[in-house]
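J.: all I have is the shape, not the residue letters:
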């Protein structure tokens, strides 16, 4: 195997990358939301959710399958080249089919016809994602390159957003700049891919070998995309753009937290697949237990803090016009923990072990749950009903995966010291909640309360000698004060 990248470096780089995908709108959203108002924000996010369905068809599960397939042959340039060519061919064919479906929808669906240009602009994400072949770079663990390249484009986009958007009618520009920030950097992926694979045909292609596993991953992608975008799409059709705008504000912080928590699982997938391929099962199990413990330690305090300070978060992020978003944000916040855990149990454990079908069944169960609850609750509760649907759906996904994972790693969940997390959370909440009663500026309230909350939480875990926290602190101290030899 080529020299392995440090998992710590990979995690940090991928955390920065995934956080930037949400921090970029977090920087601009307070500005944009106040100019475009809920209806303008709702138009763009409704369009984005609709296009995500067509993008799902174009990608066909390759973004996840491609990481595993390329990671397994990354030591052999010719095999890696052949695999990449085969997957890119499938991707291009499906992108063409996807665009045909989109244009038919724009001509026939009344709800979409009035904003055709917006949908065409947002649809550029389909072709840019296809040519980007991000799965190759992730399989080769090139997270530093991916992160630096992406941050440059996002910085340009932040400047463009602040300079160009000045009125309600600028929602088309908002959509275009958002797509530029998220996907335009894939052009550099396409230009630089020759460093890792050959561009000339290598022959002996066998596209058919990928079809069965790709279809399984596609099915997973369908179910996931359906219920992650279902809330927005159903709100748009059953209610209006304003409700979509409220819901967008409600999930904005949640999405940032999910990106932080799931970064670890993303960088571990190629390493986990490698361990399985080489038969290093003990290493694989050790990695999995550590990852799940990390997710619980990180996600739980984030969930509780942002439930306690949801009102301040919404007011700072979006403004007073988005007051109805506070309750949906509180309701949906526990999905951060559920998604973080299922990302480990599903993507890092079950997928490398070859149990994609279990992951598929879990996601289908979640999608059906979300659909049913949305139909029942959205008419009466609007965005709050959509939040409840997503919350229950993510819990169902985790429960289904849990019963399968415990057969593979029986003590996976038992290795977590839950009581230490709970005690630390209670102490942190008690030690910081009084800040919300002070008459301070919203930003100062959040800054002071967060500092107190997470400091008390961290210190409590250190005093209780939580194993992983103790290990992290020891490593930090060694770097700050290295031992003299």
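T.: In hand now; what should we look at? Model, not experiment: these values are computed from the prediction.
J.: now stretch 369-385, how far from the centre of its chain.
T.: Put simply, stretch 369-385 sits 23 Å off its chain's centre (C-alpha atoms, centre = their mean, to the nearest Å).
J.: give the buried residues for that stretch.
T.: Buried positions in stretch 369-385, judged by neighbour count with 16 or more other C-beta atoms under 10 Å: 369-371, 373-374, 377-378, 381-385. All C-beta atoms are positioned from the backbone trio N, CA, C, and that covers glycine.
J.: how many residues are close by residue 206?
T.: Residue 206 has 9 neighbouring residues, counting by other C-beta atoms under 10 Å.
J.: in three-state terms, label it for me.
T.: Counting by DSSP: H, G, I helix; E, B strand; the rest coil, the backbone at residue 206 sits in coil.
J.: which strand or helix spans the nearest residue to it once chain neighbours are set aside?
T.: Spatial nearest neighbour of residue 206, excluding adjacent residues (C-beta to C-beta, 6 or more residues apart in numbering): residue 86 at 6.9 Å. Assigned by DSSP states H and E, residue 86 belongs to helix 77-108.
J.: ok, residues contacting the next helix or strand after that helix?
T.: Next along the chain after helix 77-108, taking DSSP H and E as the criterion, comes helix 110-113. Residues from elsewhere that reach helix 110-113 (C-beta atoms under 8 Å, 6 or more residues apart in numbering): 50, 105-107, 119, 236-237.
J.: let me see the domain layout of this structure.
T.: 7-416, 417-485 (automatic domain parsing).
J.: any chance of those in CSV with mean pLDDT as columns?
T.: Output for the domains of the chain, formatted as CSV (pLDDT from 0 to 100):
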stretch, mean pLDDT
domain 7-416, 84
domain 417-485, 86
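J.: most tightly packed of those?
T.: Of all these, domain 7-416 has the most neighbours on average by mean count of other C-beta atoms under 10 Å, namely a mean of 20.
J.: chain center to that domain, what's the gap?
T.: Relative to its parent chain, domain 7-416 has a centroid offset of 4 Å by C-alpha atoms, centre = their mean.
J.: coming back round to it: quick one, what contacts the residue nearest to residue 206?
T.: Counting by C-beta under 8 Å, 6+ apart, residue 86 has contacts 205-207, 209-210.
J.: and what about the residue lying closest to residue 82 once chain neighbours are set aside, helix, strand or coil?
T.: Excluding the flanking residues, the one nearest residue 82 by C-beta to C-beta, 6+ apart is residue 202, at 5.1 Å. Using three-state DSSP, the structure places residue 202 in coil.
J.: name the helices or strands packed onto the strand or helix carrying residue 49?
T.: In this assignment (DSSP H and E), residue 49 forms part of helix 7-59. Here helix 7-59 touches helix 77-108, helix 116-122, helix 124-132, helix 143-164, helix 171-183, helix 208-238, helix 241-278, helix 310-317, going by 3 or more C-beta pairs under 8 Å, 6 or more residues apart in numbering; DSSP states H and E.
J.: so which of those is nearest residue 342?
T.: Relative to residue 342, the nearest member of these by C-beta to C-beta is helix 241-278, separated by 9.3 Å.
J.: quick one: residue 153 from residue 146, how far?
T.: Distance of residue 153 to residue 146, given as C-beta to C-beta, to the nearest Å: 11 Å.
J.: just checking, what packs against the helix or strand that contains residue 400?
T.: Element membership for residue 400, per DSSP H and E: helix 383-408. Packed against helix 383-408 by the contact rule (3+ C-beta pairs under 8 Å, 6+ apart) you find helix 208-238, helix 241-278, helix 326-332, helix 335-342, helix 356-381.
J.: can you add distance to residue 82 and give those back as a markdown table?
T.: As requested, those are arranged in a markdown table below (distance: least, C-beta to C-beta, whole Å):
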| stretch | distance to residue 82 |
| --- | --- |
| helix 208-238 | 11 |
| helix 241-278 | 17 |
| helix 326-332 | 43 |
| helix 335-342 | 33 |
| helix 356-381 | 22 |
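J.: quick one, which of those gets closest to residue 41.
T.: Among the helices and strands packed on helix 383-408, helix 241-278 sits nearest to residue 41 (C-beta to C-beta), with 4.3 Å.
J.: list of residues touching the helix or strand just after the helix holding residue 400?
T.: Per DSSP H and E, the first helix or strand lying C-terminal to helix 383-408 is helix 418-432. With C-beta under 8 Å, 6+ apart as the test, helix 418-432 has contacts from 296-297, 300-301, 304-305, 308, 449-450, 452-454, 456-457, 460-461, 464, 466.
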